[in-house]
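Novice: pasting the sequence and the predicted coordinates here, then a few questions.
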Amino acid sequence: MAVEYVVTTNADRGHRVSGFAHSTVPLGDNAAGTPWSQALVEPLGDTTSQVPASILPPGRQALLDAGSVFEWGFTVSIDANGLPAEKTATVEAWLVATEDAELTVLQNRLQFWGHTGSAG
């Protein structure tokens, strides 16, 4: 799945676009042997998107609930005077370039979720 996204704000006189992106959660398990999708959704208890329901793409909430995708916020600087296609290209290039870093942050945060042990 490519980076799917929804723009929710255009601020700073049109020079900044903000929103939320949705990226695929990797298959496999974290360091504790817990599937990444389970490690993502279980601690949350509620996977409600920060995107208003009226503009959340159909079926996306089900993917979030299943832990198939994760949501991350973004803000991208754009040329307010550019053509719509140029603005879109800038946002999409930034999202593609940033997605791996966002996945790394997620995996670092969840790498030991579900680990059990005994000390002593």
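Specialist: Received the coordinates, thanks.
Novice: can you map out the strands along the chain?
Specialist: Assigned strands in the chain, in chain order: 4-11, 16-24, 69-77 (criterion: DSSP state E).
Novice: out of those strands, nearest to V105?
Specialist: Distance to V105, taken as CB to CB, is lowest for strand 69-77 among the strands of the chain, at 8.1 Å. The C-beta positions use only the backbone N, C-alpha and C, and glycine is treated the same way.
Novice: list the strands paired with that closest one, with their directions.
Specialist: strand 16-24 (antiparallel) (DSSP bridges).
Novice: now do the buried residues in the strand it pairs with.
Specialist: Buried residues in strand 16-24, counted by 16 or more other CB atoms under 10 Å: 17, 19-23.
Novice: and the strands of the chain as TSV, adding distance to V105 and mean pLDDT?
Specialist: Supplementary listing: the strands of the chain in TSV, determined by distance: least, CB to CB, whole Å; pLDDT from 0 to 100:
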stretch	distance to V105	mean pLDDT
strand 4-11	17	92
strand 16-24	11	95
strand 69-77	8	95
